[in-house]
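**Student:** sequence unknown, structure follows:
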C-alpha cells in the first residue's frame, strides 16, 4: 500500500481487515497483544492501523486521520511509535524508515533476517525516557518468530512488568514457534484471511487487466487465499505451478530434466514448494478428500492414487519437507531436485 493509497483511503487496512479490526477495537485494547495470522494477508498493516488507533488524539472515530498524531503515524515518524522488523522486511512498511545498512566504512552491510537484541534494547531504553507526547507509546514487532533467543528473553523481561501507557503489538505468522512465556503474557487475537468472494472482488478492482473469477479463484487457491500474494506473483512473474503439475501428473513417466531446467529461472525453494502443493493434494485424494490447490486435476489424482501406498507417500512428503528446510542454502540444487523427483517417480 503506497503513500498515495494511504492519502486516498486514510487507512492502513485492506477491506477484508475492517471487520476483525472493529471486533478488536470495540473493547479495551490490552497492553500486550499478540496478533496471529496467515502470512501475506495484510497482518502488518493491521498492526499499523491498531498502533494508529492507540496513538490517535481524537475523542471519537479513531483513528481519525486528521490529528497531528495520525499524520505522524502515516508518515512513519511518530516519536511514540517504535516499529521493529528484520532489515530484510523493511520494504513491507508503507513508508520509509531509517536505513542502518551502511557501516562506518561506507560499505553496505548484509541485511539481517532476524530481529536482533540490539533492536529490542533500543526500544526498551527509548521507552524509559517517557512519552514524547505525554500519552501512550506503542511498540510494534513483526514477525515475533524472527527474534533471536537473546532478543526474545530481553523482550520477556519488559512484558513481565508492563507500563500503564506502553502497548506492545506483536505479530506472528507461526504461533506455534512463539515462546510459551511470551504467549502467556499476551492477549491473543486471530486475524482471519479474506473470503474467496471478497478476495476475488478486490483483485478484479486492483489488477491492471481482466481475469475471470474462475482464474482468480484458482490463483487464490495456489497462494493459500492471499490476494496480496496473487498480485505479487503476477508482477514478479513467479513460477507458474501448472508447469510443475504438467510433469508431476505424468507420474512415473515424468521427464525430470524439464523441471530441473527451471532452476535457471527460479530458486530451488520455489520449485520444491510447488511440488509440495501437488503432493499435499495427492495426499488429500489418497485419503478420500478433495484437493485444495489443483481441484481441476482431481480425476487424474484419483486414478494414480488407486495403487499408491499410503505409508510410502507419507514418507515422501516428510522427506520433501526436509528438503525444503535445506533449500535456502543448497550446495547442489540440481542434484537435490533430481533426487526428489526420482523418489517421486519410484512411488508409482
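**Tutor:** Nice, thanks for sending it over. This is a predicted model, so every value here is computed, not measured. Residues are numbered from 1 along each chain as shown.
**Student:** Find the nearest non-adjacent residue to the residue nearest to the spatial centre of the chain, please.
**Tutor:** Central residue of the chain (C-alpha atoms, centre = their mean): residue 39, 2.5 Å from the mean position. By the measure of C-beta to C-beta, 6 or more residues apart in numbering, the closest residue to residue 39 outside its immediate chain neighbours is residue 173, 4.2 Å from it. Where you see a C-beta, it was placed from the backbone N, CA and C, and this is true even at glycine.
**Student:** sorry, back to before: the residue nearest to the centre of the chain and residue 226 touch, don't they?
**Tutor:** Yes: using C-beta atoms under 8 Å, residue 39 is in contact with residue 226, at 7.4 Å.
**Student:** picking up where we left off before, what does the residue nearest to the centre of the chain show for phi and psi?
**Tutor:** phi -70, psi 140 (degrees, to the nearest 10).
**Student:** Would you enumerate the residues in contact with it?
**Tutor:** Residues in contact with residue 39 (C-beta atoms under 8 Å, 6 or more residues apart in numbering) are 173, 224, 226.
**Student:** Look up how far residue 271 lies from the second one.
**Tutor:** In this view, residue 224 and residue 271 are 17 Å apart by C-beta to C-beta, to the nearest Å.
**Student:** Between those two, which has more neighbouring residues?
**Tutor:** Ranked by neighbour count (other C-beta atoms under 10 Å), residue 224 and residue 271 place residue 271 first, with 24 against 15.
**Student:** what about this structure, any weak spots by pLDDT?
**Tutor:** Applying pLDDT under 70 to the chain picks out residues 1-10, 98-110, 129-130, 236-238, 328-330.
**Student:** what about the longest helix in it?
**Tutor:** helix 268-286 (DSSP state H).
**Student:** residues making contact with that helix?
**Tutor:** With contact meaning C-beta under 8 Å, 6+ apart, helix 268-286 is reached by 222, 238-239, 241, 244-245, 248, 259, 262-263, 290-294, 297-298, 301-302, 304-305, 308, 310, 313-314, 316-317, 320-321, 323-324, 327-328, 330, 333, 336-337, 340, 344.
**Student:** tell me the SS of residue 36?
**Tutor:** Residue 36 carries the three-state label strand when classified by DSSP: H, G, I helix; E, B strand; the rest coil.
**Student:** again, but for residue 244
**Tutor:** Applying three-state DSSP to residue 244 yields a three-state assignment of helix.
**Student:** looking at it, it is touching residue 259, isn't it?
**Tutor:** Yes: using C-beta under 8 Å, residue 244 is in contact with residue 259, at 6.4 Å.
**Student:** domain parsing for this protein?
**Tutor:** The chain breaks down into these domains under automatic domain parsing: 3-191, 195-238, 240-348.
**Student:** Check the offset of the shortest one from the chain's centre.
**Tutor:** In other words, domain 195-238. Distance, stretch centre to chain centre, for domain 195-238: 16 Å (C-alpha atoms, centre = their mean, to the nearest Å).
**Student:** how near is residue 44 to residue 50?
**Tutor:** 11 Å.
**Student:** do the same with residue 299
**Tutor:** Distance, residue 299 to residue 50, using C-beta to C-beta: 46 Å.
**Student:** and the two? which has more neighbours close in?
**Tutor:** Neighbour count, other C-beta under 10 Å: between residue 299 and residue 50, residue 50 has more, with 25 against 9.
**Student:** in which helix or strand would I find the more buried one?
**Tutor:** Assigned by DSSP states H and E, residue 50 belongs to helix 43-55.
**Student:** Packing partners of that helix?
**Tutor:** helix 18-25, strand 32-37, helix 68-75, strand 137-141, strand 166-172 (3 or more C-beta pairs under 8 Å, 6 or more residues apart in numbering; DSSP states H and E).
**Student:** re earlier: what's the ChimeraX syntax to select whichever of the contacts of helix 268-286 are buried?
**Tutor:** Burial among these is assessed by 16 or more other C-beta atoms under 10 Å; the matching ChimeraX selection reads:
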select :222,238,239,241,244,245,248,259,262,263,291,293,294,297,301,304,305,308,313,316,320,323,324,327,330,333,336,337,340,344
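**Student:** Filter the contacts of helix 268-286 down to the ones in helices?
**Tutor:** Members of the contacts of helix 268-286 lying in helices (criterion: DSSP H): 222, 241, 244-245, 248, 259, 298, 301-302, 304-305, 310, 313-314, 316-317, 320-321, 323-324, 333, 336-337, 340, 344.
**Student:** A strand includes residue 189, no?
**Tutor:** Yes: when classified by three-state DSSP, residue 189 is found to be part of a strand.
**Student:** Next one: it from residue 170, what distance?
**Tutor:** For residue 189, the distance to residue 170 - C-beta to C-beta - is 10 Å.
**Student:** So for those two, which residues contact both of them?
**Tutor:** Residues touching both residue 189 and residue 170 by C-beta under 8 Å, 6+ apart: 33, 34, 35.
**Student:** what's the closest of the contacts of residue 39 to residue 112?
**Tutor:** Nearest to residue 112 among the contacts of residue 39: residue 173, at 18.0 Å, using C-beta to C-beta.
**Student:** What is the neighbour count of the closest one?
**Tutor:** Residues lying near residue 173 (other C-beta under 10 Å) number 18.
**Student:** Cheers, nothing more for now.
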